[in-house]
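Asks: fold the following for me, if possible:
(chains A, B and C, ligands or ions: 2)
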Amino acid sequence: MEELYSLVDHLSNLSRIKLSSEEKDLIAGQLKDILGAAQKVQELDTGGVPPTTHVFYQWRTREDVPAESLPVEEVLRNVPERESSLVRVPRIKSLDE
Amino acid sequence: MELDRMSALEIGERLGKREISAEEVVNYFWERTQKLEPELKSFLTTCPEEATGVARQVDELRRRGERLPPLAGIPVAVKDNLSTRGIHTTCGSRFLENYIPPYDAAVIQKLKENYLPVLGKTNMDEFGMGSSTENSAFYPTTNPWDFSKVPGGSSGGSAAAVAARQVPLALGTDTGGSVRQPAAFCGVFGLRPTYGRVSRYGLIAFASSLDQVGPITGTPEDGEALFDLIAGYDERDATSLDAPGDIAEPELDEQRVKEIKVGVIREQEGNGFAPEVVESVKEMASFWESYGAAVEEVSLPLTEYALAAYYLINAAEASSNLGRYDGIQYGYRTGYAADLQELVFKNREEGFGQEVKRRIVLGTYALSSGYYDDYCLKALKTRTLILRDMQRVLQTYDFLLGPTTPTPPFGLGEKIEDPLQMYLSDVCTITDPLVGNAAISVPGGFTPEGMPLGLQMSAAPFRESFLFKLARFWQQRKKYLTCASLQCGEKG
Amino acid sequence: MNYRPVIGLEIHVELKTETKMFCSCSAAFGEEPNSSCCPVCLGLPGSLPVINRKALELGVKAARALNCTVEANSRFDRKNYFYPDLPKAYQISQYDIPLGHSGYLEVEPLTGKPIGIQRCHLEEEAGKLLHHGGSLLEAEYSLVDYNRAGIPLLEIVTAPDLISGDEAYCFLNELRLLLLYNRISDCRMEEGSLRCDANISLSPVNSNSWGNKVEIKNLNSFKAVKAALEFEAARQEEVLSRRGEVLQETRHWDENQRKTFSLRGKEEAADYRYFPEPDVPPLQLDGIWIQKVEDSLAETPAERRRRYREQYGLKEGEADLLVAHPSLADFFDRAAIKYKGYRQLFNWISGEITRIARQKNISPEVLDSGALVETLQLMDEGSINRGTARKVLEEALVEGKNPAELALDKGMEQITDTGALGELVDEVLRDNPRAVGDYLEGKKKAGNFLLGQVMSRTRGKADPSVVKEILEEQVHPRKR
Ligand SMILES: [Mg+2]
Ligand SMILES: [Zn+2]
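Replies: Ligands and ions are numbered 1, 2, ... in the order given. Here you go, the predicted structure:
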């Protein structure tokens, strides 16, 4: 179970979601069940089977012709914090990507 | 005129003959919506002014003698994960509570081009994650047939709105059953189109390789009309298809039914399947048999693996799709945060609900290094096996028959604490999205308690028209009630 | 030295397209902040990407120019990470099946040593962050401009085949020329359309083992790449020489202090959670199309240098100079079709054309090579002298006029008709008997005066050497 907790911690970091300790309890517990159910796929023999990322599709591209962009005011409409026509973000603590 | 007893096409006919004005139609349904909304809570946002504006335009064009599309002037409700320019689009999430998109989804554009007044945005499980609409960040929607029951999900608001005839037409979206399952729970028709037949441009992504927009209606004819209107190639969606099969199938008569081969899915009975559900499937099987169709049992042995594969794929894609919600450009903003890192963590902590966090965590796990091959990749390979299996089966059968849901509508709060139980309620609907099939849920009668049961027919890609013809053949003879208005009236 | 540097480069170039990689917003540089944005490049909920065919074409072109195998069934993947300039929290990039791989570039200045190209792939650019109040780490807050977000990028990763800062410098120059000649990218480091990170480790001589790899960032010019690698090689050698350990880390090049500084340690390796992009179907490139793109490749810089030497007889330094300046080389090629005096042509291009382009701030790309050809022809015919030719050329290029007409209209055409000149000389001699007298007495000044008189009556049109000849001829008979 401890392993599961540190896994949940790691995943919470990777996905940028802070979890309260109750949430961690809950998710760790459920994750165990869900992963158990997800384990199901391990039973299948998929040797030599290619993955299906797109069920079916038609191959297509776009012409390199400019179209109108959004008006700047529309771009910024939902922005919580801005400075003139730029989007403002608080201090970036570290460079981890 | 009791417009709630008419189909959209019937109302459209009267509009065409100018027996009634579009503005009257919108008013009628807007009043009805208001009256029923306190009990149902199908809507997150309503926009009667905009709808009335479109109705007046329709009336004006008709006055000038212009010929309009068949559904012009018929009010429609759209799920709140479809981007609407200038109108709140929340996805049922606290995170997007104040988000107002600067653009219309492709399907919304099509509604506008065809002069359908959008009456409002319907409630849903947050970002489509759920099967009961209880995961809406705002409030649950109730089932019009019994307010203590869930309407299904995630398009629960759309299905409830149609079943209560707050509107005659609605759009839902289906990732693993989110159109069909609520349609079944609410006793109406719901189509999941072939993946790629309806543009996803402006459909806020949950799981990109599975999401599709589909119609929810009170009759199959309305469903087909609405589907025809929203379907078609869109150059803004690279997964959209230029369909060779855009031709409507001929009407199904008793002669043609005899040529049909029906496969009844063996795996969709037994453990976890309610007896009345199993019974309703049998009824439909013998119905087709009685009209001379060849009905056989067919096995889809990978069904149980499909559920696991489905949840892994949808969680993986969702974890990536929902990364953009960091609160920098739009969306939820926490109070004080010392730096960007903290801001993003807190925005996402406070802006997302429990189920969303759970799926993001699961999806992040499935994609993270060291686990990708065992989970995500394995699920995608499983998808290949399921696809092969399906292609094999559909060489023999014209369509597959089974229940839409393993149980009748369950009670509010009944499964919300147990995600695994909730996931299991999707077991009948997740296979078709994995393989790109078209599938329809049709009313299949009622439980002794009067709750609707849904039956599902799935067919090969591009066969939507055929499914609608099957649905029509069935409904013309069964005449199931698809409007819960009376119950609403009594209780409301 | 007991160690040998092992260097690899990772280069990002912006592709020369009109629109962005996955949407139709303009990819132009220097627009008003956030004015070239749409739901797609802003990553707004519900928006979807569609591949720009031109970007794909340029990607294939680059791949083939770098002798890479082009993967017809390549695909796009999502690279997931959080950063405020990345609107979707993932970059659409290519992971396990890049567009091109297993190539090489022969760098002529390195006596043709082929430098391996591990891969080149397409991806999208992030937005631009402006840090308020100093550098990233000191800034109080930052501002985001999404205009750059979504511009098509080509990432090129070399094999660790380079062994010095100088080699890296030469490689980058050759790569830049290759991309410029093929119009794949503008390669302007100052505008950020070419960026380079360098990896360096030291390997003991006569050993195949490598030390820990250091990644150097913030390299803003090719010279900085060279200097930073030289600094880093020396630093690492110094560390090793006192039996220290070179840490695997990312270091920052400080241009002012001419040093690298540790930016961050290895920490936890980033987990980008790559997976196939569900919104973009896998590529299905047509073999005939790939061949067509390949057929449109320009000759390599090396081939061009050779052509200039062998076909046009330019000296090595001259050929190098031309090829190093694509707009001049292209100008040369355009002119050389009609003018066979190649050395003359080279001299005028490296001289006059360069001067005019610089002074008038016009790119040689748009200068009319025909004007130079005609001017040189007028000069060769003797219609104008060298000084006049310069004036004619400049005016012809700047004002877009015809050199022959310019020479005529402006009365600048040289009078070479000896008959007409003879009459003029007669006239001058008749009008200035005293000067003629002095001239006959051998006074040089008088001769210059008479010459000046003739020149001024022709308003400078006469060829002075011809006038001098006639003067001599006509004065001397009188002497006799
Ligand atoms: Mg890159
Ligand atoms: Zn854009």
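
Asks: contact residues of the stretch 51-200 of chain C facing chain A?
Replies: For the stretch 51-200 of chain C, the residues in contact with chain A (CB under 8 Å from any CB of the partner chain) are C:51-56, C:75, C:81-84, C:129-131, C:136-137, C:139-146. For glycine as for every other residue, the C-beta is placed from the backbone atoms N, C-alpha and C.

Asks: keep only those of those that are also close to chain B.
Replies: Among those, chain B is touched by C:51, C:82, C:84, C:142, C:144 when using CB under 8 Å from any CB.

Asks: looking at these, spot the one nearest ligand 2.
Replies: Each of these was scored against ligand 2 by CB to the ion, and C:Ile51 proved nearest at 13.5 Å.

Asks: number of nearby residues for that closest one?
Replies: When neighbours are counted by other CB atoms under 10 Å in any protein chain shown, C:Ile51 registers 21.

Asks: ok, it - contacts?
Replies: Residues in contact with C:Ile51, defined by CB atoms under 8 Å, 6 or more residues apart in numbering or on different chains, are A:60-62, B:238, C:21-22, C:76, C:280.

Asks: for the spatially most central residue of chain A, give me phi and psi.
Replies: The structure's chain A has its C-alpha centroid closest to A:Ser15; by CA atoms, centre = their mean the separation is 6.3 Å. Backbone torsions of A:Ser15, given as degrees, to the nearest 10, read phi -100, psi 10.

Asks: and B:Arg165, how many neighbours?
Replies: Per other CB under 10 Å, the neighbour tally for B:Arg165 reads 25.

Asks: confidence score at it?
Replies: On pLDDT, B:Arg165 comes in at 96.

Asks: circling back to that earlier point, adding secondary structure, write the contacts of C:Ile51 out as JSON lines.
Replies: Below are those laid out as JSON lines (DSSP: H, G, I helix; E, B strand; the rest coil):
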{"residue": "A:Arg60", "secondary structure": "coil"}
{"residue": "A:Thr61", "secondary structure": "coil"}
{"residue": "A:Arg62", "secondary structure": "strand"}
{"residue": "B:Ala238", "secondary structure": "coil"}
{"residue": "C:Met21", "secondary structure": "coil"}
{"residue": "C:Phe22", "secondary structure": "coil"}
{"residue": "C:Phe76", "secondary structure": "coil"}
{"residue": "C:Val280", "secondary structure": "coil"}
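
Asks: for the residues you listed, work out which two are farthest apart.
Replies: Within the contacts of C:Ile51, A:Arg60 and C:Met21 form the most distant pair, 14.9 Å apart (CB to CB).

Asks: more neighbours: which of these two?
Replies: Neighbours were counted for A:Arg60 and for C:Met21 using other CB under 10 Å; C:Met21 has more, 30 against 19.

Asks: for chain A, what's its nearest residue on the stretch 301-450 of chain C.
Replies: Of all residues in the stretch 301-450 of chain C, the one sitting closest to chain A is C:Glu365 (20.5 Å; CB to the nearest CB).

Asks: that residue - nearest residue in space that isn't next to it in sequence?
Replies: With CB to CB, 6 or more residues apart in numbering or on different chains as the measure, C:Ser327 is the residue that lies nearest to C:Glu365, at 4.5 Å, once sequence neighbours are left out.

Asks: quick check: the one you found touching C:Pro364?
Replies: Yes - counting by CB atoms under 8 Å, C:Pro364 is a contact partner of C:Ser327 at 4.2 Å.

Asks: what touches both of those two?
Replies: Residues touching both C:Ser327 and C:Pro364 (CB under 8 Å, 6+ apart): C:Ala357.

Asks: out of those two, which sits in the busier spot?
Replies: A count of neighbours by other CB under 10 Å puts C:Pro364 above the other of C:Ser327 and C:Pro364, at 22 against 16.

Asks: which SSE is the nearest residue to C:Val428 once chain neighbours are set aside in?
Replies: In space, and not counting its chain neighbours, C:Val428 is closest to C:Gln453: 4.6 Å by CB to CB, 6+ apart. Under the criterion of DSSP states H and E, C:Gln453 resides in helix C:444-457.

Asks: which one's the longest strand in chain A?
Replies: Assignment by DSSP state E gives strand A:86-90 as the longest strand of chain A.

Asks: what's next to that strand, contact-wise?
Replies: Residues contacting strand A:86-90 (CB under 8 Å, 6+ apart): A:76, A:79, A:81-82, B:328-329, B:337-340, B:343, C:33-34, C:84, C:130, C:141-146.

Asks: in contact with the residue in the stretch 201-350 of chain C positioned nearest to ligand 2, which residues?
Replies: For the stretch 201-350 of chain C and ligand 2, the shortest gap (CB to the ion) falls at C:Asp279, measuring 14.6 Å. Residues near C:Asp279 by CB under 8 Å, 6+ apart: B:205, B:208, B:238-239, C:48-49.
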